[in-house]
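J.: Below: sequence and its predicted model.
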Amino acid sequence: MAKKTGKLVFEGKDKEHYDALMHARDMILGQMQYHAEDALDCSNADKRGVTTHMADVSSDNSRHEMELQLLSEEGDVLRLIEDAIKRLVDGEYGKCQECGEPISEGRLAIRPYAVYCVKCKEMHEKQGWHVPR
């Protein structure tokens, strides 16, 4: 990584990782925008011409709850992505936060914001811990 006119410039593998993180970030932000618009759209029933029947209201409430839950989960992923970008800048990207060993390139290719190596992730899951993706 080099600094060029006040901007960070990544090269080689760091550039690939940065590009993957930015792509994941863009995807999550797009999903968050979609879910936020859908969850906060109170006029949805009016658009369909639906009366305020109890079943319709219940269905709409369930859908709104689901959209808000998805929005919350996507916010968690966005935080993981932002943290991964910071680790990339600090030279700590790709290291398992549990054991310190490198996270495999295959895992980073699938989930560029991974926090744990496969071994540690599996260990946490077996113990029933809720761990970041």
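T.: That came through, no problem. Residues are numbered from 1 along each chain as shown.
J.: Residue 96: how many residues sit nearby?
T.: Residue 96 has 19 neighbours, counted by other CB atoms under 10 Å. Just so you know, the C-beta spots here come from the backbone N, C-alpha and C atoms, and that holds for glycine as well.
J.: Give me the below-cutoff pLDDT ranges for this protein.
T.: Applying pLDDT under 70 to the chain flags residues 1-6, 40-60, 130-133.
J.: Give me the contacts around stretch 67-80.
T.: For stretch 67-80, the surrounding residues in contact (CB atoms under 8 Å, 6 or more residues apart in numbering) are 24-25, 28-29, 31-32, 35-36, 38-39, 113, 115, 132-133.
J.: In helices only, show me those residues.
T.: Among these, the members falling in helices (DSSP state H) are 24, 25, 28, 29, 31, 32, 35, 36, 38, 39.
J.: which residues in this structure form strands?
T.: Under the criterion DSSP state E, the chain contains strands at 2-4, 7-9.
J.: Mind listing the strands the last one pairs with, and their directions?
T.: With DSSP bridges as the test, strand 7-9 is paired with strand 2-4 (antiparallel).
J.: buried residues in stretch 69-79?
T.: Residues 70, 71, 74, 77, 78 are the ones in stretch 69-79 that count as buried (16 or more other CB atoms under 10 Å).
J.: Nearest to residue 7, out of the residues you listed: which one, please.
T.: Nearest to residue 7 among these: residue 78, at 22.0 Å, using CB to CB.
J.: Any chance of the ones in helices among the contacts of stretch 67-80 in CSV with distance to residue 88 and neighbour count as columns?
T.: CSV is the format used below for the ones in helices among the contacts of stretch 67-80 (distance: CB to CB, whole Å; neighbours: other CB atoms under 10 Å):
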residue, distance to residue 88, neighbour count
24, 12, 18
25, 12, 18
28, 17, 20
29, 18, 13
31, 22, 16
32, 22, 18
35, 27, 19
36, 27, 15
38, 32, 16
39, 31, 18
